[in-house]
Structures are given as structure tokens and as C-alpha cells.
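*Asks:* can you look at this prediction? I've put the sequence above it.
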Amino acid sequence: MKQIGGFFTYEPLLETENHFWESLCPEGGSLGFFMSGRCANYYALKDITLTDKKKMAYVPIYTCETVLEPFLKAGYELLFYDVTKDMTPVFEESALERISVINLCGYYGFCNYDRDFIRKCSEKGVIIIEDTTHSIFSGNGIDPHCDYVVGSLRKWIGVPAGGFACKRKETFSLPVHRPEEEHLSLRRISMKGKLELMSAVSGQTDSHAMGQLNASFWDAEMMLRRIFDSYGSDEESESILRRYNFDRLKKQRRKNYQYLLDHMPSHPQLTIVLPALPDETVPSHFTVFAKDRDMVQDYLSGHGIKSTTYWPKGPMVDTTGHEEADYIYSHVLSLPCDQRYGEEEMEYICRKIQDMPV
């Protein structure tokens, strides 16, 4: 069976460095690589707490619990802002007097937040930390006022670690822990095993073997949720990040997303969340709302298409009074449109959705 989606394997690299990271972190700033996005986020927050004694963070009501956990571990109180179904944050002006940090997210590569409010945050001395896990490659993915940029490339490429943090105006001073080798070993085993499996069978995957690799992959993920801290990256991962062909990645993801926009059949189960692709946007996924998400996921999985829910609602999130955010949590579903695939796979996705039961 054709397999589309799922975690990334090792991929070909450039012979020379891509120089992407120099453009991310301005001269006078400080860049570090970390074991994961949450490790990078936690390290940045620990740096912020060296001077921030207020510790009130303004965070999105629609987010991943792994984004919120570093704030809680760093001692922050959370104030939530709303998010509408078109992935637009809703900021309250009254929050400016209460908060010391704001967390931004350009969902799925689309940065729809109010730039004027972010300017006001900067003028008020609010620290702006942009989680670019979804938007790192978009031309407007980093607000010019932001103080810290954090994120992970694990949703973008095959890399054991993949976290990064940039302090844009000053240098980091806190120590970084050595990476946790058991976690990285589990990820390497999963990535290498999937690569060998896909190579051996020319893309027609043994479901039992793939199931075992998926189990190992999620063992590593669950382990990280228990142990995350200011863990740095390993040398292999940093080399991958510095030598990956990001220009090809950006071009192919945009091409695949546009193909899906142009050819996705109308289906009563699905609504496209972001139905236009701005010139500056590099999408992380092709995201839809599914009326019966379990049915849709099961159907797609049965045809070899791995879809993902970003994100399940975490225990620290209460969506009472946030109807649109609650709808997102209940219906959002992401389809793969990444650089591993081309028109053939995008056509296959569209064809299978055309045939999907109502």
C-alpha cells in the first residue's frame, strides 16, 4: 500500500552549509540548537526569567500542551487569548497592563496575528517570544519586534533533535545540558528503520514493521514529555540543520499546497481552513475541518494517508466561552503536503477524498 505522511526519515543533504541560520539570528544576537522545540522554549524562558519577575504569559487558547508546559515549568501564570476558526489570534488591549511575555504562533505557516498589537507589546516592554515551529520558513514568519525566536524542525525534516532558540538582541548566558542520549537513540532507530523499510520495498510499506517503528517513535516522544529540560542538540542534528536544502523544501511545499487547493474535491465532510496561499507563506500542512474526524482519519489511514490532529486539547486549557477554539480542537485535521511528495501523491490524496463516504 502507498504510504503518505508520518514521521520523517533521514534525507539527502547539501555538500555545503545553507546559511539559513545566519538570516534567522541578527548580528549581536545569540543562536542555540536544542534537543526539541520545548527544550528550546524552556531555555529561552529561563533566560527571560533572569529579569522578568512578573511572570505573566499571554498564550493562545488553541495550542499544544507541549508549548504550555515550558511556561509552567519556568514558573509562569498563563493568561489565554482567543483564536478564531480562520486561525486568527484575538488580543485584548486590557491584557497589555497585566502581561510580561506574549507567545506568538503563525498557525500552519500562516501568520494572521495583529502586528499593531505586537508593536504595542514591544513599546510596553512585554517580551515577545515567537514559536516558529509552524512558520519558520514563511517570509513574514518572524515579527520584527520579537525578542526571542524558538521552534523545532521535526515537523519539517528528518532530524533526531531539531530544536532552536534565538535571542535576537543580546546573547544567552545560561548553561545548556548535554542531550539525553536514550531519547535521541530511539528517534534515530525509528528514522533509520523507516528509511530502510521504505527503500527495501520501494514505497510499499509493511504495516506490521511500520507499526513497530511508530511505537518506538512515540516511546521517544512520551519520554521527552516526562524529562524535557534545557537539553542541547547533538552534532549530527546540527549538521543536518546547517546542510538541509531549505530552498527546495519551501518550493515543493508551496507547490503541493497549491495543487491541493486547486484540485481538492468538494466533500460534505471537509472544509479547507486556509483557502488561499499568500506569496510569503510556506505551509507546514494542508489543514481542514472534518465533521466526523475519526471517520475521516480512519478512512485515510486505510488508504495509506497519515493525517494528524494538531492538537488534542491539553489539560491546562479550558475552552468555556471560546466556542471557535473549541470547534478547532474538535474538528481540525492536517494532511501532508511536504517536500517528500509531488503531484502524484497530491493527486492520490484528492482522489481518495473524492471517493470517501459521506
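*Replies:* All right, it came through fine.

*Asks:* mind listing the strands for the stretch 151-300 of the chain?
*Replies:* 163-167, 270-272, 286-290 (DSSP state E, counting those that start in this stretch).

*Asks:* what packs against the first one?
*Replies:* I take that to be strand 163-167. helix 20-24, strand 30-34, helix 37-48, strand 148-152 (3 or more C-beta pairs under 8 Å, 6 or more residues apart in numbering; DSSP states H and E). C-beta here means a position set from N, CA and C on the backbone, and glycine is covered the same way.

*Asks:* go again using 10 Å as the cut-off
*Replies:* Applying 3 or more C-beta pairs under 10 Å, 6 or more residues apart in numbering; DSSP states H and E, we find strand 163-167 packed against helix 20-24, strand 30-34, helix 37-48, strand 127-131, strand 148-152, helix 235-243.

*Asks:* over to the shortest one?
*Replies:* When contacts are defined as 3+ C-beta pairs under 10 Å, 6+ apart, strand 270-272 packs onto strand 286-290.

*Asks:* so which elements touch the strand it packs on?
*Replies:* Using 3+ C-beta pairs under 10 Å, 6+ apart, strand 286-290 sits against helix 246-263, strand 270-272, helix 293-302, helix 323-331, strand 332-335, helix 343-354.

*Asks:* and of the ones you listed, who's closest to Lys120?
*Replies:* Between Lys120 and the helices and strands packed on strand 286-290, the tightest spacing by C-beta to C-beta is seen for helix 323-331, at 22.9 Å.

*Asks:* I figured Phe20 hits Tyr244, correct?
*Replies:* Yes. Phe20 is within contact range of Tyr244, at 8.1 Å (criterion: C-beta atoms under 10 Å).

*Asks:* of the two, give the one with the bigger neighbour count.
*Replies:* Set side by side, Phe20 and Tyr244 show more neighbours around Tyr244, with 23 against 16, by other C-beta atoms under 10 Å.

*Asks:* coming back round to it: mean pLDDT, mean neighbour count and distance to Val149 added to the helices and strands packed on strand 286-290, as a markdown table?
*Replies:* Below are these laid out as a markdown table (pLDDT from 0 to 100; neighbours: other C-beta atoms under 10 Å; distance: least, C-beta to C-beta, whole Å):
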| stretch | mean pLDDT | mean neighbour count | distance to Val149 |
| --- | --- | --- | --- |
| helix 246-263 | 98 | 18 | 15 |
| strand 270-272 | 98 | 16 | 29 |
| helix 293-302 | 97 | 15 | 32 |
| helix 323-331 | 98 | 18 | 24 |
| strand 332-335 | 98 | 22 | 23 |
| helix 343-354 | 98 | 17 | 30 |
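
*Asks:* for Asp47, find the nearest of these.
*Replies:* helix 246-263 (26.2 Å).

*Asks:* so how far is the closest one from its chain's centroid?
*Replies:* 17 Å (C-alpha atoms, centre = their mean, to the nearest Å).

*Asks:* from the contact counts, what lies against it?
*Replies:* For helix 246-263, the elements it packs on are strand 286-290, strand 332-335, helix 343-354, judged by 3+ C-beta pairs under 10 Å, 6+ apart.

*Asks:* if you count contacts, what does the last one end up packed against?
*Replies:* What that stands for is helix 343-354. The helices and strands touching helix 343-354, judged by 3+ C-beta pairs under 10 Å, 6+ apart, are helix 246-263, strand 286-290, helix 293-302, strand 332-335.

*Asks:* for Ala95, find the nearest of those.
*Replies:* Closest approach to Ala95 among the helices and strands packed on helix 343-354 is made by strand 332-335 (24.9 Å; C-beta to C-beta).

*Asks:* alpha carbons of the closest one, in PDB - could you do that?
*Replies:* Extracted C-alpha coordinates of strand 332-335, given in PDB (Å, rounded to 0.1, in the frame of the first residue of the first chain):
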ATOM      1  CA  VAL A 332      -9.100  20.200  12.900                       C
ATOM      2  CA  LEU A 333      -7.100  17.800  10.800                       C
ATOM      3  CA  SER A 334      -3.800  18.200   8.900                       C
ATOM      4  CA  LEU A 335      -2.900  16.400   5.700                       C
END
